[in-house]
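Colleague: Okay, structure incoming, though there's no sequence with it:
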């Protein structure tokens, strides 16, 4: 498991996803330099053998790859720009790898700045949530040059199971937006179908197993459908996060002159779920909107 | 393959689905009596060894099981009721099996009439389309008594791969409504996601394979997504049929006091697809609404 032996990897953003990802990389042999806004998780990981940096800039100064797993587009911009930012400390030929869900337009602008500073940029957002991060079974959708992607393959394969090079810079974020559109709308589909069955007095387990045999079969019916049937809405992916991701996908669509009415409706449903106090629950809690 | 040897089966409705289904039953040994409004297909199947009846009533007089695969709720009512209808000729203990997609309220009313005439009623709608009927890989969702279902298992297993006894009379139609909700809304989800990717310049095949690795994975992304990527909209399940099925599902929801906004929106999208002349295309042609 020392396939990353000696490789200098920086990791910024050690939350529910980033923390287990950084641990997998260290276990595979990488020399890890880390930074996080709140300090507790850093101290813990330092005891585990990672090196703490005092700024994103210092992370970049020590790393061949700088991986980001922060909360949203403004957070990515804050970490990369400014005197203490990643770009200010970037080594020549280093690759900045944004693994969060970031707007496509911002991704292209940041990639331009990183290249102007002598680095490379890859957007590599993931699907699979906290469980996928912990089990190293993430789906990784990467955008960037063929060469940068090739250099990153051992890193990605340490973190995920399905790794796809979708296209140039930004293509990974386009794929993630498409992913969030499908997952969000399919959650609404399954919620409406199971609510209909339940209200009509049909047993939810028998219904789900009948539906899994045909064209209605999906990962969402399997995983999120089970959560709905059991009323277990521990996150997983949160309502508020998915709402933000759909807002971002709709922003991209608007930039392209494309109308996505179903996605817009489901964004509104996630809004309603958050407004009734379910924002921190798993996104399958959309189902609660349909319960009497 | 003679598991149905000697069994008297009637079959009414020999369209794209019913025709191959009746052939599978005869190949398994059943003595088939058939009726269809248009005569051409009947003559062909008679040459193959089936017996033609002059009315639905005559079908019932010769059959232990009377299978229906007609177009919609009014067609089921027309075939069952009246002097020449199935109920008028029903043998004691015979089972009427409606394999089409029929309204739940009408199903319960018809089942009551059939039982009053000494027969049994099972609703057993299917998913899988013409291809599933031809390959005998249909998904069958059955509602009715445990005893009637047990008698029908060899018949169902001759026609399908996944056979589920969902509950009492009507439960099969509830499951089919839930199935059509999920499939229709998931088609909209996949159409919006692939349109977003295409408009943003991402290769459709790479995008689909990235998405199939994660939570966006579904039979619809696999099958209907491929049709969208290739622009091949040969039916399959038609836009007009799916529109009718969603209307029926929304009628059931309204009877139960349940609001299904996503399903209602997708019903409207199928309306728009039909209005622009795509009603006879495969339901994946919803994708054409998003093309410039």
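Modeller: Noted; the coordinates are in hand. None of these values were measured; they are calculated from a predicted model.
Colleague: which phi and psi does residue A:215 have?
Modeller: Dihedral angles phi and psi of residue A:215 (degrees, to the nearest 10) take the values phi -70, psi -10.
Colleague: tell me the pLDDT at it?
Modeller: We note a pLDDT of 94 for residue A:215 in this prediction.
Colleague: what's the burial count for the nearest residue in space to residue A:201 that is not next to it in sequence?
Modeller: For residue A:201, the nearest residue in space outside its immediate sequence neighbours is residue B:167; the separation is 7.5 Å by CB to CB, 6 or more residues apart in numbering or on different chains. C-beta coordinates here come from the backbone N, C-alpha and C atoms, glycine included. Residue neighbour count, defined by other CB atoms under 10 Å in any protein chain shown, stands at 22 for residue B:167.
Colleague: One more: residue A:60?
Modeller: 27.
Colleague: List the contacts of it.
Modeller: Residue A:60 sits next to A:10, A:66, A:86, A:87, A:88, A:89, A:90, A:91, A:94 when contact means CB atoms under 8 Å, 6 or more residues apart in numbering or on different chains.
Colleague: hang on, the earlier thing: pretty sure the residue nearest to residue A:201 sits against residue A:204.
Modeller: No: Residue B:167 is not in contact with residue A:204 according to CB atoms under 8 Å; the separation is 11.0 Å.
Colleague: Relative to the centre of chain A, find the outermost residue for me.
Modeller: Ranked by distance from the centre of chain A (CA atoms, centre = their mean), the top residue is residue A:201, with 37.4 Å.
Colleague: Need the per-residue pLDDT for the residue nearest to residue A:201.
Modeller: Residue B:167 is assigned 97 on the pLDDT scale.
Colleague: Provide a list of residues in contact with it.
Modeller: Contacts here follow CB under 8 Å, 6+ apart; on that basis residue B:167 touches A:201, A:202, A:203, A:206, B:143, B:174.
Colleague: partners of it in the sheet?
Modeller: Note on residue B:167: beta-bridge partners residue B:143, judged by DSSP bridges.
Colleague: distance of residue A:78 from chain B?
Modeller: Look at residue A:78 and chain B: by CB to the nearest CB, to the nearest Å, they are 25 Å apart.
Colleague: What about the residue nearest to that residue when sequence neighbours are not counted, how many residues nearby?
Modeller: Of all residues beyond its chain neighbours, the one nearest residue A:78 is residue A:85 (7.7 Å), with distances taken as CB to CB, 6+ apart. Counted with other CB under 10 Å, the burial measure for residue A:85 works out to 19 neighbours.
Colleague: again with residue A:165
Modeller: Number of residues near residue A:165 (other CB under 10 Å) recorded here: 24.
Colleague: hang on, it in a strand?
Modeller: Yes: if the criterion is DSSP: H, G, I helix; E, B strand; the rest coil, then residue A:165 is within a strand.
Colleague: Hmm, residue A:102 and residue A:125 touching each other?
Modeller: Yes: contact status for residue A:125 versus residue A:102: in contact at 7.3 Å, counting by CB under 8 Å.
Colleague: Contact residues of the stretch 51-200 of chain A facing chain B?
Modeller: Contact residues of the stretch 51-200 of chain A with respect to chain B, defined by CB under 8 Å from any CB of the partner chain, are listed as A:104, A:127-129, A:139, A:141, A:161-162, A:164-167, A:170-171, A:174-175, A:177-179, A:181-186, A:188-190, A:192-197, A:199-200.
Colleague: returning to what we had before: from residue B:143, how far out is the residue nearest to residue A:201?
Modeller: If you measure residue B:167 against residue B:143 using CB to CB, to the nearest Å, the figure is 6 Å.
Colleague: do the same with residue A:126
Modeller: Counting by CB to CB - residue A:126 and residue B:143 are separated by 42 Å.
Colleague: Where do the strands of the stretch 151-292 of chain A begin and end?
Modeller: According to DSSP state E, counting those that start in this stretch, the stretch 151-292 of chain A carries its strands in the segments A:160-167.
Colleague: So what does residue A:96 look like in phi/psi?
Modeller: Residue A:96 has phi and psi values of phi -90, psi 130 when expressed as degrees, to the nearest 10.
Colleague: Break down the stretch 101-250 of chain A into its helices, ranges please.
Modeller: Shown for the stretch 101-250 of chain A, the helices assigned by DSSP state H, counting those that start in this stretch span residues A:104-116, A:129-135, A:146-159, A:171-199, A:204-212, A:219-230, A:239-255.
Colleague: Check which helices and strands the first one sits against.
Modeller: Under the contact criterion of 3 or more CB pairs under 8 Å, 6 or more residues apart in numbering or on different chains; DSSP states H and E, the helices and strands touching helix A:104-116 comprise helix A:73-80, strand A:95-98, strand A:120-123, helix A:171-199, helix A:239-255.
Colleague: Quick check: residue A:71 touching residue A:17?
Modeller: No: here residue A:71 lies out of contact with residue A:17, judged by CB under 8 Å, at a distance of 10.1 Å.
Colleague: Looking at those two now, which is surrounded by more residues?
Modeller: Neighbour tally, residue A:71 and residue A:17, criterion other CB under 10 Å: the higher count belongs to residue A:17, 22 against 14.
Colleague: my guess is that one meets residue A:126, correct?
Modeller: Yes: at 7.5 Å, residue A:17 and residue A:126 qualify as touching, with contact defined as CB under 8 Å.
Colleague: Stretch A:226-242 - what's its average pLDDT?
Modeller: 94.
Colleague: Only the buried residues of it, if you could.
Modeller: A:227, A:228, A:229, A:233, A:235, A:236, A:237, A:238, A:239, A:240, A:241, A:242 (16 or more other CB atoms under 10 Å in any protein chain shown).
Colleague: Including distance to residue B:22, could the residues you listed go into a markdown table?
Modeller: Output for the buried residues of stretch A:226-242, formatted as a markdown table (distance: CB to CB, whole Å):
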| residue | distance to residue B:22 |
| --- | --- |
| A:227 | 42 |
| A:228 | 38 |
| A:229 | 37 |
| A:233 | 47 |
| A:235 | 50 |
| A:236 | 47 |
| A:237 | 47 |
| A:238 | 51 |
| A:239 | 49 |
| A:240 | 54 |
| A:241 | 51 |
| A:242 | 47 |
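Colleague: Closest to residue B:30 out of those?
Modeller: The closest of these to residue B:30 turns out to be residue A:229 (CB to CB; 37.6 Å).
Colleague: how much space between the closest one and residue B:217?
Modeller: Using CB to CB, we find residue A:229 at a distance of 20 Å from residue B:217.
Colleague: repeat for residue A:117
Modeller: For residue A:117, the distance to residue B:217 under the criterion CB to CB works out to 38 Å.
Colleague: Tell me which of these two has more neighbours.
Modeller: Using other CB under 10 Å, the more surrounded residue of residue A:117 and residue B:217 is residue B:217, with 23 against 18.
Colleague: before we move on, the earlier item: closest one to chain B out of the contacts of residue A:60, please.
Modeller: When the contacts of residue A:60 are ranked by distance to chain B (CB to the nearest CB), residue A:66 comes first, at 23.1 Å.
Colleague: So what pairs up with that closest one in the strands?
Modeller: Taking DSSP bridges, one finds residue A:10, residue A:96 as the beta-bridge partners of residue A:66.
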